[in-house]
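Enquirer: sequence first, then the predicted structure, then my questions.
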Number of protein chains: 2
Amino acid sequence: MARPRQILLTREKIVEAASALVDAEGLDALSTRRLATELGVQGPSLYNYFATKADIIDAVADAVIEQVDVSAFGRFPWAEALRRWAQSYRAVLSEHPNVVPVLAQGPGRRPASLAMAEAVYGALVDGGWSYAQATHIGALMRYLVTGSSLGSFALGFDVDPSLYEVYPHLRHAPRLAEHHEAVDEGAFELGLDLLITGLTARHEMGTR
Amino acid sequence: MARPRQILLTREKIVEAASALVDAEGLDALSTRRLATELGVQGPSLYNYFATKADIIDAVADAVIEQVDVSAFGRFPWAEALRRWAQSYRAVLSEHPNVVPVLAQGPGRRPASLAMAEAVYGALVDGGWSYAQATHIGALMRYLVTGSSLGSFALGFDVDPSLYEVYPHLRHAPRLAEHHEAVDEGAFELGLDLLITGLTARHEMGTR
DNA sequence: ACCTGAACACCGTTCAAGT
DNA sequence: ACCTGAACACCGTTCAAGT
C-alpha cells in the first residue's frame, strides 16, 4: 500500500488543518505526524507540499495576516488609518493568540506580512514621516498589537492564590484571569490612544 | 557505573549552563540531553534537581529578571521611576533576547518576576493611579519592553533583496538588519517617551 | 540522596520503494 | 507526481537499579 490512486492533499487542506490544530491546542500540539493523522495520511506525505514544518507554520501565520484590513490606508489620513489598521490587526490576532509568537518574530518572507508592512510604511511616508520615523512607528505598533494579543498578560499570572500572600499589591492578580480579554484590550486601547495622540502632536509641531 | 561517589550537580550549575546555552544558541538548542552532556552528566540526572524542563527554563528566565534594577521606585516620582525601570528592563532583556519569548508569556510563578510586578504596581498605586489603570500601564510597559527586546523587528525581514522588488517602500528593509539594535532601541525610546509624556498629562488633568 | 542505563512514547526528516 | 513504510538521529520523562 504505497501508492496514490488519487490525490489526498493540497497545500490549502494542510494549512486549514494546521490552523485548526494550532488554534485549538497550541503550537506545541502541531507535529507533522499528528497533522498527517488529522488529514488521513502518513507523516512524510506532507513533504510533497511543504519543504519543512517551519514552512507550514509560516503559511498558517500568513493566512492570519491576510485577514487584517489594510483598506483604511487609502481612505483616511495617516493617523486615523493607523488607528483603524491597528484595531483590525489586534482583532484578528486576538482570535488566533497561539499564532502570535510566530508573528512577533517579524514578517520573514511571508507575502501577506510583507504586503501589510508595505502598506503601513507607504502610508506613513506619504503622510510626511521620514523612513527612519516610519520604521520606528511601524515597530512600535507591532509591539503594541502583538504584546496585547498574546492574550496572556492577565493569564500569565498563576492562579494559585497562596502564591500572592507575600505580594500585597498583587493580591487580586489571579482574578485578572477572569476578565483577561478586557485587561489586554484596555491596555491596547490606552496605548494606541497615547501613541497616536502623541504622534499627531509631534507631526503638527514639525518635529519629525 | 550507576552511582554517585560525589555530588556532580547543583541547581545553580544547571541554571548557569542552561542560560549559557540559550544565550548562545537559542531556546530550541536547549534539550535535557544536550544540557546534561554540557554538565558531564546523563540526561535523567537533571530530574533530581528540576521536575521538568519547563522548570529549568523558568529558572533561567527568573535569573534574567533578577538583574533588572527596580531601585528607582523608592527614589523617584512614579513617571521618572517608570522610565528608569523600563530602561533597565530593556537593557537586561536586550542582552538575553532568546529568553524574551518566555518572559512575554507573563510572570507565571517566578519569584523575581512577581517581585518586579509588585514593585511596579505598588509604585503606580502610590502615585495615585487606580488598580485598573496601574494594570493597564504595567501591561503596556511589558508590551513595549518585550516587543523591542525580541530584537527581531529589523532582523525579522528576510535578507534576500530580490524578495522586495515588488514592495517599493520596503526596498531598504534587508539593510535594516545592519543596525537592528538601533532600530529597536529607537522605537523603544520613542514609545517610552510618548507613553510617559501622555500618562503624565492625563495624571495632571486628573483623568485617571 | 544522587546518578545511571534502559526503556517508552514521541519528534522532524530522508529515501527507496511502489503506483 | 504523490503516497508509503522503514529508518535515522533525535526528543522529554520514568524507573528500577546501583552506591
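Expert: Arrived safely, thanks for sending. Residues are numbered from 1 along each chain as shown, chains lettered A, B, ... in the order given.
Enquirer: next, find the distance separating residue A:52 from residue A:25.
Expert: Noted for residue A:52: a distance of 21 Å to residue A:25, by CB to CB, to the nearest Å. C-betas here are computed from N, CA, C, even on glycine.
Enquirer: now for the helix or strand bottoming out on mean pLDDT in chain A, which elements pack on it?
Expert: Using mean pLDDT, DSSP states H and E, helix A:173-176 stands out as the lowest-scoring helix or strand of chain A, at a mean of 72. The contact analysis (3 or more CB pairs under 8 Å, 6 or more residues apart in numbering or on different chains; DSSP states H and E) places helix A:173-176 against no helix or strand.
Enquirer: convert the C-alpha atoms of that helix to CSV, please.
Expert: Presented in CSV, the C-alpha positions along helix A:173-176 are these (Å, rounded to 0.1, in the frame of the first residue of the first chain):
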residue,chain,number,x,y,z
ALA,A,173,-3.8,39.2,40.3
PRO,A,174,-5.2,35.7,40.0
ARG,A,175,-8.6,37.2,39.5
LEU,A,176,-7.3,39.0,36.5
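Enquirer: residues near residue A:38, how many?
Expert: 14 (other CB atoms under 10 Å in any protein chain shown).
Enquirer: what about the lengthiest helix in chain A, near chain B?
Expert: Ranked by residue count, the top helix of chain A under DSSP state H comes out as helix A:180-205. Yes. Helix A:180-205 is in contact with chain B by CB under 8 Å from any CB of the partner chain, via A:183, A:184, A:186, A:187, A:190, A:191, A:193, A:194, A:195, A:197, A:198, A:199.
Enquirer: do you know the pLDDT at the last one?
Expert: We note a pLDDT of 98 for residue A:199 in this prediction.
Enquirer: could you do the fifth one as well?
Expert: For residue A:190, the model assigns a pLDDT of 98.
Enquirer: what about the closest residue to it other than its chain neighbours, how many neighbours?
Expert: Sequence neighbours aside, residue B:136 is the residue nearest to residue A:190 in space, at 4.9 Å (criterion: CB to CB, 6 or more residues apart in numbering or on different chains). Residue crowding around residue B:136 was assessed by other CB under 10 Å; the count is 24.
Enquirer: what about chain A, any weak spots by pLDDT?
Expert: Within chain A, the ranges that satisfy pLDDT under 70 run A:1-5, A:151-155, A:174, A:207-208.
Enquirer: domain parsing for chain A?
Expert: A:11-63, A:69-204 (automatic domain parsing).
Enquirer: for stretch A:71-84, buried residues please.
Expert: Using 16 or more other CB atoms under 10 Å in any protein chain shown as the burial criterion, the residues of stretch A:71-84 that qualify are A:72, A:73, A:78, A:81, A:82, A:83, A:84.
Enquirer: narrow those residues to those in helices?
Expert: A:72, A:73, A:78, A:81, A:82, A:83, A:84.
Enquirer: now, which of those sits nearest DNA strand C?
Expert: Each of these was scored against DNA strand C by CB to the nearest atom of the strand, and residue A:73 proved nearest at 35.9 Å.
Enquirer: and the gap between that closest one and residue A:86?
Expert: To residue A:86, residue A:73 is 12 Å away according to CB to CB.
Enquirer: do the same with residue A:55
Expert: Per CB to CB, residue A:55 is found 28 Å from residue A:86.
Enquirer: which one of those two is surrounded by more residues?
Expert: The neighbour comparison of residue A:55 against residue A:86 (other CB under 10 Å) goes to residue A:86, with 24 against 14.
Enquirer: that one: what's it in contact with?
Expert: A:141, A:144, A:145, A:192 (CB atoms under 8 Å, 6 or more residues apart in numbering or on different chains).
Enquirer: host element of it?
Expert: Element membership for residue A:86, per DSSP states H and E: helix A:78-95.
Enquirer: tilt between that helix and helix A:180-205?
Expert: Angle of helix A:78-95 versus helix A:180-205, following axes from the mean of the first three to the mean of the last three CA atoms, to 10 degrees, is 160 degrees.
Enquirer: send me helix A:78-95 as CSV with only the CA atoms.
Expert: Extracted C-alpha coordinates of helix A:78-95, given in CSV (Å, rounded to 0.1, in the frame of the first residue of the first chain):
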residue,chain,number,x,y,z
TRP,A,78,-2.3,58.6,8.3
ALA,A,79,-3.3,58.9,12.0
GLU,A,80,-6.9,57.7,11.5
ALA,A,81,-5.7,54.9,9.1
LEU,A,82,-3.1,53.8,11.6
ARG,A,83,-5.7,53.6,14.3
ARG,A,84,-8.1,51.6,12.2
TRP,A,85,-5.5,49.2,10.9
ALA,A,86,-4.1,48.6,14.4
GLN,A,87,-7.6,47.8,15.7
SER,A,88,-8.2,45.3,12.9
TYR,A,89,-4.8,43.8,13.3
ARG,A,90,-5.4,43.3,17.0
ALA,A,91,-8.9,41.9,16.5
VAL,A,92,-7.5,39.3,14.1
LEU,A,93,-4.6,38.3,16.3
SER,A,94,-6.9,38.1,19.3
GLU,A,95,-8.8,35.3,17.5
